[in-house]
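Novice: this is a predicted model, with the sequence first.
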Amino acid sequence: MSTVVALTAAIAPVSSQLVESSEPAATAEAVAHRVRESVYPALVNIRVVYERFVDGRTQRYPGAGSGVILTDDGHVLTNYHVAGGAIRVECTLTDGRVLPAEIVVDDPLTDLTVLRLLAEDPKATFPAAQLASDDLLAVGDTVFAMGNPLSLSSSMTRGIVSNQARVFTDFTGTEIEEMTLEPDQLSGLLTRWIQHDALILPGNSGGPLVDEEGRVVGINELGGRGIGFAIPASIAADVLRQALELGQVERGWLGISILPVAKAGRREGALVSSVLAGSAAATAGLEPGDLLLSLDGEPVQTLFFEEVPLVYQKIADYPAGTVVDLAVERDGAALHLAATIEPMPRFKGKEWEVESLGVAVQEITSPMAITRRFPDQRGLLLNSIRPGSPADGARPRLAAYDVLLAINGQEIGAVGTLARAIEGLVGQEKALIEFRRGDELLVTLVPAPADKNRGWGGELPKAWLGIETQVLTRELSVSLGLAGQTGFRVSQVFPWTEAAAAGVQVGDVIIAVDGEPTEPTRSQESEDLRRLVEERTIGEPARLSVVRDGAVREIAVRMEPRPRDADEADTARQETLDFVVRDVTFADRIQYGWDREQGGVLVTEAATGGWGQMAGLKIDDLIQSINGHSTLDVAAFGEVSRRLESERPPRVEIFVQRGYRTHFVFVEPEWKDSYASD
Amino acid sequence: MRRIECLGRAASYKRSVDGLVGCLLLAIALPAWGMDEAEAWRRALAQHEEAIVRVETVVAAKMSMAGQGQEEESRMDLTGAIVHPEGLIMLWNASISSSRLNEMLADMGQSNGFKMEITPTAFTVQIGSEELPAFLAATDSALDLAFIQLEAVPEESLPFVDFAAAADLAVGEKVLQVQRLGRSFDDASHLASARVSGMLRKPRAAWMVDGELGGFGLPVFDLQGRPVGALTTIYSRAGEDSASGFGMGPMSGFFGQGSPFSALHSFILPGKRVASLVGLAREQAIELAERRDREAQLEAADQP
């Protein structure tokens, strides 16, 4: 082992040797310790709650990853795919502190997000790592990956750089693979990844890649099968700088795609492979097939795919509004075109759930309009519909990827327009929605939301006897010394029932009901007694003739209604925490062995991605109290639930009976806001 | 043709008084109406097709095991029969409820904590060109029938299947069902037919048929167009059953003979039994409607 370590130290990377050429070579162990001292204190374990919009509703999920503090006032760099757009971010520092954080900047194009730790003391300082300002690495350099693999506590692994400027091309090597973090969200356009073999696993995302000098030279983004990819420091530094200076990331945009020129038989320039309609490049007159030779006099060279991101970076570095001279060769002739750089648009539009309509909708950005061939950006894109919602009841039907343009004649510019129109519907009123599907402009009517809380009918009432029985066949009867007397042998008497009150006992053999003989001889006749009982009138007594201790006796039992089934029990939904409970039924008490006084409400649904489910609330939990308020039954639960919605506590403490033990579930929800501010 | 068919049946039922009586009735009755069987079919279709309606429902299905669950809502089309002129509609309960399935799984002892709950959350009934909302009024899980009631009582009486005028059946009699194709085929009405092939006495009185009628929860008519029952399923909890012949094919095949699914069969529930259910369901619907109105009024009064 030590031999290997020594060997690793002996072949220290060229760049490191250059930097510290005046110092004696350190052992690998000493280097690792130095690196640890420099960066480990700045490492953070990030836990987030993020949202997804599925089937017309918001679902929330927990996520986790890594990050690194890069300023002493607590700015943390991580991946967009770890914390981007998260509705809650919590960071655990290596000293054990757990702090909430806010998102300063999301930059999905580079898959980076800048967070700021929120300490109680606004002047609090944090241990910050040093971010390299430039890309210093060479193939073979030793690097260390730090982070929280598998969401465990902070870890550090070592490897070497296997490629310092990696791009992803398809297997045929004819084009760069387009990377999308989520639908419509292009990423990686500017990135040449650092490929290394320091082991990283899920959970390492957003963690630092560190050189032997203890400088952060990359942010780990991708990995697997012993190979990892990190975003280089130069890109990370630019995003951090803009976040600190501008509070946002601004980039220039021409609207072109380029390819290396080698296959076109050229050695200089970049081959313009596409020009987006309406873009700055199109306005300037650039055309596919043009050879872009220079930007503002600075030569452009893309012999290989690895050089393509550099051209995009160069364009992105221009401030919007800059007029750039494009030196171009077209059909052998030299041209100069003046292009006015535009701000790079957002690729993916924001998404919302419109609960009253039962849809998830999305803002349409200009790239979305182009890629989806929409004529313009008007309206909201319908991404999914909740079954059973008003949107699902629209006739003709609405479908995913329709573009909702107007409701009741009012243009849908914002999500609140939709919500308010639906919420304003009364009774049988319907809303008229104009929408676009492909090239067709259609109209549909959407009904008002159904009132699902109104009473639903249950089973038709039937008389019931609170016992279980078995058929006493002649053979069994003889074996029991009952002289061949057949009947229904009572095998269980349910507590708190009229049968129990009347004194029916296990072992009694019922031979007649109101004088009508019940003398089954085969197991097939096991339901005869039930049928006889069902024919009786609820509330009236029935006379059971039973054989007990060899003598026949008469027992009058008042017929009672069959106890309510679980699906007939009263239910209630806690809207914000997104779970449903019902009253405890007679069958529950028998099944769980609860006595008659056992209070509580049983969880029957904890919606996937809901706050309750995410906090660990489980189906069949018997909720006994919430924030100390007793929830004896659905009515009491309703009161407590209304109180929660009104008081909006940051933490909801649910005390439950789960199986044989009690348990606490802590929920920290985001209380719903209206669209009033929209 | 009719005579030959009936004689053939009569031969196979020569020891069955019911079968003979049925065939004799058919042979005598049809000429007496002055129409052949095709005419009887046409009349039955014309008489009842308006009472057979499409019902759109949204059901929430919740499945859970070991504390974890999954829920999803789905919309589906059913066919129902108007059984009261003020908008009571009969449906197949198993299409909107999991109670039968849960009962069988419990009997199998194989649920392993698995629970399934299907709850309807909305009903819309297509009557003519109108889609009218309805609510669940009553169910009878044992007889596998459900009843929904239109939210608003229509101003004019609806065409309905009157089970109060239900006729008796006999083995050998031919029976009809009016069914509908789905929206894709314009909800076209059509008939299905079968012949009564036997009588069940336990666990419940019901009729067996010799083929697949298929319209569960729908009325069954005789050739005179009179309601004689409803096609439903009956589950026997008697156990130790390895019955065959009328088992719910795929379920029975999947779980094997002797499983609770082999004790689930389709039958015609006699019309008089259906009539009593309709009466009870109607009472429950009225009671429920009044309660819902009261609650709505209280709720409205609570609004600022």
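Specialist: All right, it came through fine. Residues are numbered from 1 along each chain as shown, chains lettered A, B, ... in the order given.
Novice: contact residues of chain A facing chain B?
Specialist: Taking C-beta under 8 Å from any C-beta of the partner chain as the criterion, chain A approaches chain B at residues A:55, A:386-388, A:392-393, A:395, A:450, A:452, A:454-461, A:523-528, A:531, A:565-567, A:604-608, A:618-621, A:658. Using the backbone N, CA and C atoms, a C-beta is placed for each residue, glycine as well.
Novice: got a quick PyMOL command for the buried subset of those?
Specialist: Those of these that count as buried under 16 or more other C-beta atoms under 10 Å in any protein chain shown are selected in PyMOL with:
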select buried, chain A and resi 55+386+387+388+392+393+450+456+457+458+459+460+524+525+526+527+528+565+566+567+604+605+606+607+608+618+619+620+621+658
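Novice: please flag which of the residues of chain A next to chain B sit within strands.
Specialist: If you go by DSSP state E, the residues of chain A next to chain B have A:604-606, A:658 in strands.
Novice: returning to what we had before: inside helices: which ones of the residues of chain A next to chain B?
Specialist: Mapping the residues of chain A next to chain B onto helices (DSSP state H) picks out A:528, A:531.
Novice: so which strand or helix has A:Glu37?
Specialist: Secondary structure from DSSP states H and E places A:Glu37 in helix A:28-39.
Novice: how far does that helix sit from its chain's centre?
Specialist: On the basis of C-alpha atoms, centre = their mean, to the nearest Å, helix A:28-39 sits 37 Å off its chain's mean C-alpha point.
Novice: about what we covered before: A:Thr157: which of the ones in strands among the residues of chain A next to chain B is nearest?
Specialist: Distances from A:Thr157 to these, taken as C-beta to C-beta, are shortest for A:Ala606 (37.6 Å).
Novice: who's in contact with that closest one?
Specialist: Residues in contact with A:Ala606 (C-beta atoms under 8 Å, 6 or more residues apart in numbering or on different chains) are A:578-579, A:612-613, A:617-619, B:69.
Novice: now flag whichever of the residues you listed is closest to A:Gly218.
Specialist: Nearest to A:Gly218 among those: A:Gln613, at 36.3 Å, using C-beta to C-beta.
Novice: which SS class is the closest one?
Specialist: Three-state assignment for A:Gln613 (DSSP: H, G, I helix; E, B strand; the rest coil): helix.
Novice: count the residues that sit near it.
Specialist: 24 (other C-beta atoms under 10 Å in any protein chain shown).
Novice: equivalent analysis for the one 10 residues further on, please.
Specialist: Residue neighbour count, defined by other C-beta under 10 Å, stands at 23 for A:Ile623.
Novice: ok, A:Gly612 next?
Specialist: For A:Gly612, the number of neighbouring residues by other C-beta under 10 Å comes to 24.
Novice: so it touches A:Phe579, yeah?
Specialist: Yes. Counting by C-beta atoms under 8 Å, A:Gly612 touches A:Phe579, with 3.9 Å between them.
Novice: dump stretch A:483-496 to PDB, keeping only the CA atoms.
Specialist: In PDB, the C-alpha atoms belonging to stretch A:483-496 read as follows (Å, rounded to 0.1, in the frame of the first residue of the first chain):
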ATOM      1  CA  ALA A 483     -76.100 -36.400  19.100                       C
ATOM      2  CA  GLY A 484     -76.100 -35.400  15.500                       C
ATOM      3  CA  GLN A 485     -77.800 -32.000  16.100                       C
ATOM      4  CA  THR A 486     -76.900 -29.800  13.100                       C
ATOM      5  CA  GLY A 487     -76.900 -26.000  13.200                       C
ATOM      6  CA  PHE A 488     -74.700 -23.000  13.200                       C
ATOM      7  CA  ARG A 489     -72.100 -23.200  15.900                       C
ATOM      8  CA  VAL A 490     -71.100 -19.800  17.200                       C
ATOM      9  CA  SER A 491     -67.300 -19.400  16.800                       C
ATOM     10  CA  GLN A 492     -67.000 -15.800  17.800                       C
ATOM     11  CA  VAL A 493     -69.200 -13.200  19.500                       C
ATOM     12  CA  PHE A 494     -68.200  -9.600  18.700                       C
ATOM     13  CA  PRO A 495     -68.000  -7.300  21.700                       C
ATOM     14  CA  TRP A 496     -70.300  -4.300  22.100                       C
END
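Novice: so for it, mean pLDDT?
Specialist: Averaged over stretch A:483-496, pLDDT sits at 92.
Novice: buried sites along that stretch?
Specialist: For stretch A:483-496, the buried set under the neighbour-count rule, 16+ other C-beta under 10 Å, comprises A:485-490, A:493-494.
Novice: now do the SS call for the spatially most central residue of chain B.
Specialist: Most central in chain B under C-alpha atoms, centre = their mean is B:Gly217, positioned 1.2 Å from the mean C-alpha point. Using three-state DSSP, the structure places B:Gly217 in coil.
Novice: give me phi/psi at the closest residue in space to it that isn't next to it in sequence?
Specialist: Nearest in space to B:Gly217, with sequence neighbours left out and distances taken as C-beta to C-beta, 6 or more residues apart in numbering or on different chains, is B:Trp92 at 2.8 Å. Backbone dihedrals for B:Trp92, given as degrees, to the nearest 10, come out at phi -80, psi 120.
Novice: pull the contacting residues for B:Trp92.
Specialist: The contact partners of B:Trp92, by C-beta under 8 Å, 6+ apart, come to B:78, B:144-146, B:216-218, B:232.
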